[in-house]
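[1] What follows is a protein structure lacking sequence information:
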């Protein structure tokens, strides 16, 4: 019975600390903060360098497409490692499935090339 009382007190203290400490920190921060609002602080790009062009200019998504294509093929090649480890146990059926998988990757790669996703122009 005594061990349950200690466990209950520990649980109660944990609830109080988890519930009150974040709120106390937020309240004291709100009360004690010094307001140093300046216009530059609310700029989207704050590093001390003045902006030389408008921030709503067009940004090319080409770099994102290249990164996504890289991730796609990088993650799919990770699936070839378990196949390589179990190559002897899979037999001819495993070899056929691996060629089908690689063919699907090749079709995706050719599609990306046909859409111009990998042109550096």
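    Alright, I've got the coordinates. Computed from a predicted structure; not experimentally measured.
[2] in the helix or strand of the chain with the lowest mean pLDDT, what counts as buried?
    Among the helices and strands of the chain, helix 62-78 carries the lowest confidence by mean pLDDT, DSSP states H and E, at a mean of 79. Using 16 or more other CB atoms under 10 Å as the test for burial, helix 62-78 gives residue 69. In short, each C-beta sits where N, CA and C put it, glycine included.
[3] What strand or helix carries residue 96?
    helix 87-114 (DSSP states H and E).
[4] mean confidence for the helix or strand that comes right after the least confident helix or strand of the chain?
    Later in the chain than helix 62-78, the nearest helix or strand by DSSP H and E is helix 80-85. Averaging pLDDT along helix 80-85 yields 83.
[5] Please enumerate residues in contact with helix 80-85?
    Helix 80-85 is contacted from outside by 90, 94, 97-98, 101, using CB atoms under 8 Å, 6 or more residues apart in numbering.
[6] for this structure, which helix is longest?
    Determined from DSSP state H, the single longest helix within the chain is helix 2-32.
[7] quick one on the thing from earlier: now find how far off-centre the least confident helix or strand of the chain is within its chain.
    14 Å (CA atoms, centre = their mean, to the nearest Å).
[8] Ok, stretch 29-39 next?
    The answer for stretch 29-39 is 32 Å, by CA atoms, centre = their mean.
[9] what's the angle from the helix holding residue 96 to helix 62-78?
    Here helix 87-114 runs at an angle of 160 degrees relative to helix 62-78 (axes from the mean of the first three to the mean of the last three CA atoms, to 10 degrees).
[10] Which positions within helix 87-114 qualify as buried?
    98, 105, 112.
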